[in-house]
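> model the following, please.
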Amino acid sequence: MKYFLYNPLANNGIKPELFGLELIDATKVDFGAFFEALEEDDEVVIIGGDGTINHLINHVDCEHLKNKVYLYGNGTGNDFLNDIGEKPGTEVLLNEYLKNLPTARANGIERKYINNMSFGIDGYCCEAADKIKARKPGKKINYTTIAVKGVLFFFKPCHATVTVDGVTREFDNVWLAPAMKGRYCGGGMMLAPGQDRFSGQLSVMVFCCPSRLKTMINFPKIFEGKHVELTNMTTVLTGRKVHVKFSRPCAVQIDGDTILNVTEYEAEQ
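Residues are numbered from 1 along each chain as shown. Take a look at the predicted model:
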């Protein structure tokens, strides 16, 4: 039997048009118990986006899945689908992507992630978006607009100490310092164009600049991955164990889920 788990919170609450299918509300399902009760020949389609996948990998033992699990993309950012070269609206077999995932730790919270653990303007954008959703439920969120306003006015870069596989470096005026499993973050920003999610390593992309104007001028390059050519602003480090410490508390995000007031995080592949 094929089951369809639908996340009503995905894609700003816009429900996909899937006629003739019985959709199960994923927010009312205990994922662990649900998958445990499946027969081996059952298949599952999860309808949602990056956050829906993140919920799956943190509530189900995906290293030992006995069933085929598909994603029907219906998210807001769809960074995972962008990374693997797929489009929303089709079923994509997930099983091979759900193994050997990294773990992120911050403020006593530990989670696996499919895309990225990100500090900086991206964490700020998620924090700002959460505030908009709280004030105006159902309002469509424009993350690009939030990012532009953050760069120009609101987000304050800071000093960061970055340790990758035991080697420590210091950076000033840091705008971004994510630990990337995939290439994309924030609904289309190609933060780590050289990252391979099957490499067994993470890419830490540190983007630094003392000038808001210069940062704003070069920020659009991030959407095409061309910011890595700016070697005076961008440093890419690769490894299995990452520790980043900031000079002040900031918001971070794990696959779009915000954690506030973080001064340091760890990520391990």
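> break this structure into its domains for me.
2-97, 103-268 (automatic domain parsing).
> what residues does the helix or strand hosting residue 266 touch?
Assessed by DSSP states H and E, residue 266 sits inside strand 257-268. Here strand 257-268 makes contact (CB atoms under 8 Å, 6 or more residues apart in numbering) with 51, 54, 102-107, 109, 111, 117, 119, 123, 126-127, 130, 179, 202, 240-246, 248-253. Where C-beta positions appear, they are placed from N, C-alpha and C, glycine not excepted.
> list the buried ones in it?
257-259, 262, 264-267 (16 or more other CB atoms under 10 Å).
> so where is the chain shaky, pLDDT-wise?
For the chain, residues meeting the criterion pLDDT under 70 lie at 10-20.
> stretch 36-48: how far from the chain's middle?
24 Å (CA atoms, centre = their mean, to the nearest Å).
> and residue 60, how far is that from residue 195?
Distance of residue 60 to residue 195, given as CB to CB, to the nearest Å: 25 Å.
> between the two, who's got more neighbours?
More neighbours surround residue 195 than the other of residue 60 and residue 195, with 23 against 19 (other CB atoms under 10 Å).
> any idea of the angle the top helix by length along the chain forms with strand 257-268?
Longest helix in the chain, counting residues (DSSP state H): helix 121-135. Interaxial angle, helix 121-135 versus strand 257-268 (axes from the mean of the first three to the mean of the last three CA atoms, to 10 degrees): 150 degrees.
> the stretch 151-269 of the chain: helices as residue ranges?
In the stretch 151-269 of the chain, the helices defined using DSSP state H, counting those that start in this stretch lie at 212-218.
> identify the bridge partners of residue 185.
The partner list for residue 185 in beta bridges (DSSP bridges) reads residue 189.
> quick check: residue 165 touching residue 269?
No: the criterion here is CB atoms under 8 Å, and residue 165 misses it with residue 269 at 10.3 Å.
> between those two, which contacts overlap?
By CB under 8 Å, 6+ apart, the residues touching both residue 165 and residue 269 are 240-241.
> mind checking which of these two has more residues around it?
Neighbour totals were compared for residue 165 and residue 269, and residue 269 leads with 17 against 13 (other CB under 10 Å).
> give me the neighbour count for residue 138.
8.
> returning to that earlier point: now, of the contacts of strand 257-268, which are buried?
51, 54, 102, 104-106, 111, 117, 119, 123, 126-127, 130, 179, 202, 241-246, 250-253.
> which of these fall in strands?
104-106, 111, 117, 119, 179, 202, 241-246, 250-253 (DSSP state E).
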